[in-house]
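Participant: sequence plus the predicted model coming up.
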Protein chains: 2
Amino acid sequence: MPREKAARLSDVAAVAGVSLATASKALNGNTRISAATRERVRAAAERLDFRPDALARSFASGRSGTIGVLTHRAKNTFARPVAMGAIVQLGAQNQAALVYDGDVQESKAMSASIRELRARRIDGLLVIGDGHEHTSPSLTHYFDVPVTYIFTASRDPGDVMYLPDNRGAGRMATQHLIDTGNTRIAHLGGPERSIAAERRQAGMLDALTAAGLEPVGPVIHSDWTRVRGAAAMAELLQSGAEFDAVFCANDHLALGAMETCAAAGLRIPDDLALIGVDNWEGTVVDQAGSRQLTSVDLELMELGRLGATSLTTTDHTSGEHLTTPTLALGPSTHPA
Amino acid sequence: MPREKAARLSDVAAVAGVSLATASKALNGNTRISAATRERVRAAAERLDFRPDALARSFASGRSGTIGVLTHRAKNTFARPVAMGAIVQLGAQNQAALVYDGDVQESKAMSASIRELRARRIDGLLVIGDGHEHTSPSLTHYFDVPVTYIFTASRDPGDVMYLPDNRGAGRMATQHLIDTGNTRIAHLGGPERSIAAERRQAGMLDALTAAGLEPVGPVIHSDWTRVRGAAAMAELLQSGAEFDAVFCANDHLALGAMETCAAAGLRIPDDLALIGVDNWEGTVVDQAGSRQLTSVDLELMELGRLGATSLTTTDHTSGEHLTTPTLALGPSTHPA
DNA sequence: CTGAAAGCGCTTACAG
DNA sequence: CTGAAAGCGCTTACAG
C-alpha cells in the first residue's frame, strides 16, 4: 500500500465526466441521479481509490464523526468493560471517542467538559457510570445531540438509558435455585438504598411468587463486601430460619457466605446452595484456578456495546433499555 | 449554561475592532501581534465566550484532533488497562480515539483499517498489543503521522515503543528476595520463546550477579499458568537443589507453586519465600479478600498513559521506552 | 504589526 | 436528472 497523493472528489468528477455536485450525490446515495451516471462515478472513484477527506466532509456536513464519552471513573473495575465495549463499538461504526474521565457529580469540572464537547461538535454523547446504585443528574439539555446514559440512571426519566437487567438477574438467580430443587430460599442483599440491590431483590420475589413460594428468613442488607457477606451469613444462620439456598446479591457476598458455611461445617451445595451476581473473573475463580461459584453475568461489555449503538439507530428511545443477563454455572448450586 | 448560538471568530474580530486574520493570530499565540491588540482580542473572545469551531479549525489546519488506536485484542485482560489508560490520556489532551479492534497480524483486515485511518486524517497512531511475547510487524511506513507501539514491540527497531520494564521487574523481584535475607534463589520461568520471560530472567541474573550470587536449581519453563506453576514447583523440589526463595515469572505460576508448597508442608514465607509479577487484582488476592502474594506491578495503565503522551511530546523518539515497575508487598516474602 | 484574499474539499439548496 | 455557485469557519501565505 504505497502512499500516493490521495484522489479528491474533483478528480473523480473529471474522470467520470460529471460535475462535482453530481459526483458527490452519486457517491452519497442521493436517489435523484441516473443509474448510469452513478455507475460511472462509482467506477471512477474505485479506479482512483477515492476516499472522501473526513475533515472536509465533517466541515461541510457539520458532523464530526466523534462521540463524547463522559466516564465517572474509568478506572473502576466494573466501569472498564462497559467503557471498553462502548468505545470498540464506536470504532466499528467509524466513530471516534473523545473521553473525559472525571466525577460526573462535580459540576465545576463537568461544565468545563460540556463546553469542550460542544465546541468539538460531537455527534452524540455517552455518559458512562459505574453501576445502578443511585441516579445521576441529567446533562441532556446541555446538548443538541443525542445523549445516552449507560450503567447509570439519569434523574430525568425521559432520557435514554442502558442498564443491566438487575431485576431479571434476581429472577434468573432465584429461578435457577428453584430449578435445582430448592424451595426454602433466603436472601443476602446489597445496600439498603442501592437501586441495583432493590431490583435484584424484587426479581427474587418475582420468581418465588411465580413458583408459589415465599422468601425465607430476614432480609439482611450489606455493603457488597466479602467481610459483610460472611457476617450476614452468620446472622442468617443464627436467625433460626430454615433454608436450603441463599441468593446473594453479588459474588463477594456469596464468597463471604461460603467462608462462614465452611467454618460452620456446612457443605456447598449439598447442605446449602449459593448463587451470586457479577460473574467477575478473579472473584468466582478460586485459588486453584477453577470456578467455585454459580453466578449471574450482567454482560457488561455487551451493555457498553448496545449503548454505543443506540446513538446511531432507532434504539435511541426514552427510558430504560436492559441487557439480558446470562447464567454461569458453578459448583455452588445443584446441577439441574 | 444556556444553549445560545455560538460566537464565531468574525464576531470576536468585530467586537475587538480588528480583522479576522488578526483575531485568529492573536488567539493562536502568533508573536507578530502587538500586546495591546492581543489583549483586546482576548477580552472580546472571553466576553463572547468564544470557542473555535473544531470542525472548521480541523479543516483549515489539516489536523483532526483524532488519534487512531489499533488494539490487538481489546478484550484481553492485560491489554484493557493499557488501552484504557491511553484513551483517557488522549481525552485529557483533547484528542479523540478512533479505535479499531482486531488482529494486527491479519494483513487483510489491517489494510482496510489502514486505509480508513488515513482517510480520517488521524494525527497519530497508537498500536496496542497484549504483551511483549513476540514482535509485531511494523506499520509505521503506511502513515505520515507519528506511530507509537505500546505493550508490543515492532519488528523495526527504529520505531517508537513503550513497554513495561520486564528486565527491571526481574531485577526488582530478585533484589527484594535478597533484601529480605535470601541467598539461594531459584527461578520458575515463562515460555521459552517469550521476550518478556527472557527479560525477567535476565533481570534476575543482573541482581544475583551484583550481589555476588548465582542462581540455584534448573531453569524451568512454563506457559504462565497456575497448573504448570504447581507442576514446575514439584520438579524444582525433586531436583534436589537447595533454595530458600523462588522468583516466579508471573503471579499465576507463584500461586501454583504455593499450592505445591502447601501440599509438601512447606510454610510460606518461613520455609520458602515466593514473589511473582503482574500484581493482578483477583490473582494476588485470596479467598478471604486479603493479599497473599508479593508481586511486581508493571504499571500497565501508566504504560498506556505514557505511550499516548508520546505522540504530542518530544518523547516520540526511536526505540524502547520502559515503564518503571513497582513492588507490591505481601505475605509471601520475609519483611525487610 | 495588520488586513484582504485565497483556500482547505466537501455538501447542499437552488436553478435549469 | 444535472450543474454552477455559495458556503461551512477557520488558517495562512502574502502584500502592505
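Facilitator: Alright, I've got the coordinates.
Participant: CA only for contacts and neighbour counts going forward, please
Facilitator: Fine.
Participant: and stretch A:227-240, what's buried?
Facilitator: Neighbour-count burial for stretch A:227-240, counted by 16 or more other CA atoms under 10 Å in any protein chain shown, picks out A:Val227, A:Arg228, A:Gly229, A:Ala230, A:Ala231, A:Ala232, A:Met233, A:Ala234, A:Leu236, A:Leu237.
Participant: ok, stretch A:160-169 next?
Facilitator: For stretch A:160-169, a neighbour-count test (16+ other CA under 10 Å) marks A:Val160, A:Met161, A:Tyr162, A:Leu163, A:Pro164, A:Asp165, A:Asn166, A:Arg167, A:Gly168, A:Ala169 as buried.
Participant: again, but for stretch A:25-33
Facilitator: By 16+ other CA under 10 Å, the buried positions in stretch A:25-33 come out as A:Ala26, A:Leu27.
Participant: how about residues contacting that stretch?
Facilitator: Outside stretch A:25-33, the residues that touch it by CA atoms under 8 Å, 6 or more residues apart in numbering or on different chains are A:Thr22, A:Thr37, A:Arg38, A:Val41, A:Arg42.
Participant: B:Ala92 versus the third one, what's the distance?
Facilitator: Using CA to CA, to the nearest Å, one obtains 44 Å as the distance from A:Arg38 to B:Ala92.
Participant: which one of those two is surrounded by more residues?
Facilitator: A:Arg38 (23 against 15; other CA atoms under 10 Å in any protein chain shown).
Participant: the more buried one in helix, strand or coil?
Facilitator: helix (DSSP: H, G, I helix; E, B strand; the rest coil).
Participant: quick one: it from A:Ala6, how far?
Facilitator: Counting by CA to CA, the gap from A:Arg38 to A:Ala6 is 21 Å.
Participant: and A:Thr283, by the same measure?
Facilitator: With distances taken as CA to CA, A:Thr283 is found 51 Å from A:Ala6.
Participant: name the residue in these two with the higher neighbour count.
Facilitator: Comparing A:Thr283 with A:Ala6 by other CA under 10 Å, the one with more neighbours is A:Thr283, at 22 against 15.
Participant: quick check: domain ranges of chain A?
Facilitator: A:9-52, A:66-165+A:301-324, A:166-297 (automatic domain parsing).
Participant: closest one to B:Glu192 among the ones you listed?
Facilitator: Among the domains of chain A, domain A:166-297 comes nearest to B:Glu192, with 23.0 Å by CA to CA.
Participant: ok so, going back, so which of the buried residues of stretch A:160-169 belong to helices?
Facilitator: A:Asn166, A:Arg167, A:Gly168, A:Ala169 (DSSP state H).
Participant: so can I have JSON lines of those showing pLDDT?
Facilitator: Shown next, in JSON lines, are these (pLDDT from 0 to 100):
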{"residue": "A:Asn166", "pLDDT": "98"}
{"residue": "A:Arg167", "pLDDT": "98"}
{"residue": "A:Gly168", "pLDDT": "98"}
{"residue": "A:Ala169", "pLDDT": "98"}
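Participant: which among those residues gets closest to DNA strand D?
Facilitator: DNA strand D lies nearest to A:Asn166 out of those, by CA to the nearest atom of the strand, at 44.3 Å.
Participant: so that closest one is in contact with A:Ser194, correct?
Facilitator: No: between A:Asn166 and A:Ser194 no contact is recorded; they are 11.3 Å apart, counting by CA atoms under 8 Å.
Participant: give me the nearest residue to the closest residue to chain B within the stretch 101-250 of chain A, chain neighbours excluded.
Facilitator: Relative to chain B, the nearest point of the stretch 101-250 of chain A is A:Arg120 (5.0 Å; CA to the nearest CA). Closest residue to A:Arg120 apart from its sequence neighbours, by CA to CA, 6 or more residues apart in numbering or on different chains: B:Ala54 at 5.0 Å.
Participant: tell me who's in contact with the one you found.
Facilitator: Contact analysis of B:Ala54 by CA under 8 Å, 6+ apart lists A:Ala119, A:Arg120, A:Arg121.
Participant: tell me the SS of A:Ile33?
Facilitator: Criterion first, three-state DSSP; result for A:Ile33: coil.
Participant: tell me the centre residue of chain A?
Facilitator: In chain A, the residue lying closest to the centroid (CA atoms, centre = their mean) is A:Leu303, at 2.5 Å.
Participant: in three-state terms, label that residue for me.
Facilitator: helix.
Participant: can you tell me the helix or strand for A:Ile67?
Facilitator: Per DSSP states H and E, A:Ile67 falls inside strand A:66-71.
Participant: buried ones in the next helix or strand after that strand, by neighbour count?
Facilitator: Using DSSP H and E, the helix or strand that follows strand A:66-71 towards the C-terminus is helix A:79-92. Within helix A:79-92, the residues that count as buried by 16+ other CA under 10 Å are A:79-91.
Participant: cool, stretch A:92-99 as well?
Facilitator: By neighbour count on 16+ other CA under 10 Å, the buried set for stretch A:92-99 is A:Gln93, A:Asn94, A:Gln95, A:Ala96, A:Ala97, A:Leu98, A:Val99.
Participant: which residues sit in contact with the fifth one?
Facilitator: By CA under 8 Å, 6+ apart, the contact list for A:Ala97 reads A:Thr66, A:Ile67, A:Gly68, A:Val69, A:Ile87, A:Leu90, A:Gly91, B:Ala96, B:Ala97, B:Leu98, B:Val99.
Participant: pLDDT added to those residues, as CSV?
Facilitator: Below are the contacts of A:Ala97 laid out as CSV (pLDDT from 0 to 100):
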residue, pLDDT
A:Thr66, 94
A:Ile67, 95
A:Gly68, 95
A:Val69, 95
A:Ile87, 96
A:Leu90, 95
A:Gly91, 93
B:Ala96, 95
B:Ala97, 96
B:Leu98, 95
B:Val99, 94
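Participant: so which residues of chain A form strands?
Facilitator: For chain A, the strands defined by DSSP state E cover A:66-71, A:96-101, A:124-128, A:135-136, A:147-150, A:153-154, A:160-164, A:185-188, A:245-248, A:273-277, A:294-297, A:319-323, A:326-328.
Participant: which residues touch the fifth one?
Facilitator: Residues from elsewhere that reach strand A:147-150, judged by CA under 8 Å, 6+ apart: A:124-129, A:140, A:159-163, A:303-304, A:307-308, A:310-311, A:316.
Participant: of the residues you listed, grab the buried ones for PyMOL.
Facilitator: Remark: buried members of these, expressed as a PyMOL selection using 16+ other CA under 10 Å:
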select buried, chain A and resi 124+125+126+127+128+129+140+159+160+161+162+163+303+304+307+308+310+311+316
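Participant: circling back to that earlier point, and the domains of chain A: which comes nearest DNA strand D?
Facilitator: domain A:9-52 (3.3 Å).
Participant: is any part of the closest one close to DNA strand D?
Facilitator: Yes: Domain A:9-52 comes into contact with DNA strand D (CA under 7 Å from any atom of the strand), by way of A:17-22, A:31-38.
Participant: show me where pLDDT drops low in the stretch 201-336 of chain A?
Facilitator: Residue ranges of the stretch 201-336 of chain A with pLDDT under 70: A:286-289, A:335-336.
Participant: look through it and state the residue closest to DNA strand C.
Facilitator: Per CA to the nearest atom of the strand, A:Thr312 is where the stretch 201-336 of chain A lies closest to DNA strand C, at 16.0 Å.
Participant: would you format the strands of chain A as a markdown table with distance to DNA strand C included?
Facilitator: Below are the strands of chain A laid out as a markdown table (distance: least, CA to the nearest atom of the strand, whole Å):
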| stretch | distance to DNA strand C |
| --- | --- |
| strand A:66-71 | 16 |
| strand A:96-101 | 18 |
| strand A:124-128 | 17 |
| strand A:135-136 | 34 |
| strand A:147-150 | 21 |
| strand A:153-154 | 32 |
| strand A:160-164 | 26 |
| strand A:185-188 | 55 |
| strand A:245-248 | 53 |
| strand A:273-277 | 47 |
| strand A:294-297 | 42 |
| strand A:319-323 | 30 |
| strand A:326-328 | 42 |
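Participant: and the helices in the stretch 201-336 of chain A?
Facilitator: A:226-238, A:251-263, A:300-310 (DSSP state H, counting those that start in this stretch).
Participant: which elements pack onto the last one?
Facilitator: Using 3 or more CA pairs under 8 Å, 6 or more residues apart in numbering or on different chains; DSSP states H and E as the contact test, the elements touching helix A:300-310 are helix A:79-92, strand A:147-150, strand A:160-164.
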